[in-house]
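>>> got a structure for you, letters missing:
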């Protein structure tokens, strides 16, 4: 299989504008994300896909591969779909540009499910991480997922799911927003109209489920570090220095 990684990178962000160009250990957040993804050795190619000439130049001037996206896109998946139209690939992995500490083992586990998917039942694969802290479970910024017994996603929500009727807490999994798509599925997904569930929860993966696209969830023990705020950046700098 020809496997490529695509890193969608938008310059402006509501909570932390230009966060991808912030310094993290002597290089920018987006360049560190690119390099850590490339250094896993798991991909035939790695690209940053961006609407920003600043980000494009940051990657290319440091020897990386970048693609300028042409349109305004609602999601990273839409941005990637535009870029891969003419690229030869079987599996496309959407790596978040604001998660600079790429974990190789998690990505290996994510890609491994396609190797054993003889009947091509898996359209998309993604990661989930068990959480137990009640504040994390209730936090709407942490997207939760419930699955079937064979770990296909049933629903994603910002609410705590499943709802626990008893005092004993249930088992909760946080969705980690790294996706591995079959190319034809990604192109199909981005042509589908937004559904009511997606519009309500602001979660694009609900569009996929509403259209009977199978999402295989892969358990990981590694919780990625995302940079959404200046405080997150300071934590990332501390981790890098330790």
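Done, it's in. From a predicted model like this one, the values you see are computed outputs, not experimental measurements.

>>> Break the chain down into its domains, please.
Per automatic domain parsing, the structural domains of the chain span 1-102, 104-176+194-223.

>>> Which of these has the highest mean neighbour count?
Sort the domains of the chain by mean neighbour count, taking mean count of other C-beta atoms under 10 Å, and domain 1-102 sits at the top with a mean of 18. To be clear about C-beta, it is placed using only N, CA and C from the backbone, and glycine gets the same treatment.

>>> Do me a favour and average the pLDDT over stretch 136-148.
Averaging pLDDT along stretch 136-148 gives 94.

>>> got it, and stretch 185-204?
93.

>>> Give me the residues contacting it.
Residues outside stretch 185-204 that contact it (C-beta atoms under 8 Å, 6 or more residues apart in numbering): 74-75, 77-78, 80-81, 84-85, 92, 123-124, 143, 156-158, 181, 206-211, 213.

>>> Lowest mean pLDDT across the domains of the chain, which one is that?
Among the domains of the chain, domain 1-102 carries the lowest mean pLDDT (a mean of 90).

>>> and the end-to-end length of that domain?
21 Å (C-alpha to C-alpha, to the nearest Å).

>>> ok so, going back, out of the domains of the chain, nearest to residue 229?
Between residue 229 and those, the shortest gap by C-beta to C-beta is with domain 1-102, which sits at 5.5 Å.

>>> For the chain, just list every one of the strands.
Using DSSP state E, the strands of the chain run over 3-9, 23-24, 27-28, 45-50, 66-68, 91-94, 124-131, 144-147, 153-157, 172-182, 215-219.

>>> Tell me which of those lies nearest to residue 101.
Residue 101 lies closest to strand 23-24 among these, at 9.7 Å (C-beta to C-beta).

>>> Just list the residues touching the residue positioned nearest the centre of the chain, thanks.
Closest residue to the average C-alpha location of the chain: residue 178 at 2.6 Å, with C-alpha atoms, centre = their mean. The contact partners of residue 178, by C-beta under 8 Å, 6+ apart, come to 93, 94, 95, 96, 99, 106, 107, 110, 126, 127, 224.

>>> Now do the fifth one against residue 176, distance only.
Residue 99 is 9 Å from residue 176, where distance means C-beta to C-beta, to the nearest Å.

>>> Please identify every residue contacting each of the two.
Residues touching both residue 99 and residue 176 (C-beta under 8 Å, 6+ apart): residue 224.

>>> quick one, helices of this protein?
For the chain, helices defined by DSSP state H occupy the ranges 29-38, 53-60, 76-84, 104-115, 134-138, 183-189, 196-201, 205-210, 230-241.
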